[in-house]
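K.L.:
Next come a sequence and a model predicted from it.
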Amino acid sequence: MKKLELKFLNEDEKTVTVALEHPVEPADPVAIAQVMDQVISLNCLYSSGGDLVTKKSARIVERNVSDIEI
């Protein structure tokens, strides 16, 4: 399963990650940056280290799991 991870820094300078499942590909960096700016300006997410203050990064992560019969 693929996820879009949006990484922010909070007031304590700690990384806060928001993961969204099933991202649209190819990713649109401009749209992602705009959404991250809106999240910061609206102060709509809670972090134990304070408000989100800046964008750090964004990435698409894919996780593959294969069960092993034992």
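P.N.:
Looks like it arrived, so ask away.

K.L.:
Which other helices and strands does the helix or strand containing residue 41 contact?
P.N.:
Element membership for residue 41 (DSSP states H and E) is helix 29-42. Judged by 3 or more Cβ pairs under 8 Å, 6 or more residues apart in numbering; DSSP states H and E, helix 29-42 is in contact with strand 2-10, strand 52-62. Just so you know, the C-beta spots here come from the backbone N, C-alpha and C atoms, and that holds for glycine as well.

K.L.:
On the three-state scheme, residue 26 is what?
P.N.:
Classification of residue 26 using DSSP: H, G, I helix; E, B strand; the rest coil returns coil.

K.L.:
Contact partners for it?
P.N.:
With contacts defined as Cβ atoms under 8 Å, 6 or more residues apart in numbering, residue 26 has no neighbours.

K.L.:
That one and residue 32, how far apart?
P.N.:
According to Cβ to Cβ, to the nearest Å, residue 26 stands 11 Å off from residue 32.

K.L.:
If we ignore the residues flanking it in sequence, what's nearest residue 29?
P.N.:
Spatial nearest neighbour of residue 29, chain neighbours left out: residue 58 (7.6 Å); criterion: Cβ to Cβ, 6 or more residues apart in numbering.

K.L.:
Equivalent analysis for residue 20, please.
P.N.:
Closest to residue 20 by Cβ to Cβ, 6+ apart is residue 4, at 4.6 Å.

K.L.:
And the closest residue to residue 25 other than its chain neighbours, what's its pLDDT?
P.N.:
Distances taken as Cβ to Cβ, 6+ apart put residue 60 closest to residue 25, at 7.1 Å, once the chain neighbours are dropped. Confidence at residue 60, expressed as pLDDT, is 97.

K.L.:
Make TSV from the helices and strands packed on helix 29-42 and add mean neighbour count and distance to residue 45 to it.
P.N.:
Output for the helices and strands packed on helix 29-42, formatted as TSV (neighbours: other Cβ atoms under 10 Å; distance: least, Cβ to Cβ, whole Å):
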stretch	mean neighbour count	distance to residue 45
strand 2-10	18	8
strand 52-62	14	6
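
K.L.:
Ok, which of those strands comes nearest residue 68?
P.N.:
Distance to residue 68, taken as Cβ to Cβ, is lowest for strand 52-62 among those, at 19.7 Å.
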